[in-house]
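> coords below, sequence missing:
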């Protein structure tokens, strides 16, 4: 089962199907056009955009980093990523996105 960011960022199309999309990801099932925005798996970058086709691979599904956002379509994923970056910059004056996201997650808990 995926680990979900408590303040999940969603594209407009993804927002309408949030529960269905989350269920598909939790089951390791592909949903056409679904992209996940996750913490970067490499420990160097901040975020990754992952096509949901990748979660069909058991290893990817099992090791999936925390999901920060979802979008339907790659362009929507880029828009969501830009929204996250913009929000981070407006709140902190820098682009330390991962740090900002983690702090907000702690505040929510």
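That came through, no problem. Every value quoted in this text rests on a predicted model; they were computed, and no experiment measured them. Residues are numbered from 1 along each chain as shown.

> List phi and psi for the residue in the chain sticking out farthest from the centre.
The C-alpha centroid of the chain is most remote from residue 93, which lies 22.1 Å away (Cα atoms, centre = their mean). Backbone torsions of residue 93, given as degrees, to the nearest 10, read phi 80, psi 0.

> Once you drop chain neighbours, what's closest to residue 94?
residue 88 (7.5 Å; Cβ to Cβ, 6 or more residues apart in numbering). To be clear about C-beta, it is placed using only N, CA and C from the backbone, and glycine gets the same treatment.

> Tell me how far the one you found lies from residue 96.
7 Å (Cβ to Cβ, to the nearest Å).

> Settle it for me: which of these two has more neighbours?
residue 88 (20 against 14; other Cβ atoms under 10 Å).

> Show me which positions of the helix or strand of the chain with the lowest mean pLDDT end up buried.
None of the helices or strands of the chain scores lower by mean pLDDT, DSSP states H and E than helix 58-62, at a mean of 77. Residues of helix 58-62 classed as buried by neighbour count (16 or more other Cβ atoms under 10 Å): residue 61.

> okay, now residue 26: neighbour count?
Neighbours of residue 26 (other Cβ under 10 Å): 14.

> and it, how far is that from residue 103?
25 Å.

> got it, and residue 47?
In terms of Cβ to Cβ, residue 47 sits 15 Å off from residue 103.

> neighbour-wise, which of these two wins?
Remark: of residue 47 and residue 103, residue 47 carries more neighbours, 19 against 13, as counted by other Cβ under 10 Å.

> Beta-bridge partners for that one, please?
residue 39 (DSSP bridges).

> Can you list phi and psi of residue 79 for me?
The phi/psi pair for residue 79 (degrees, to the nearest 10) is phi -60, psi -40.
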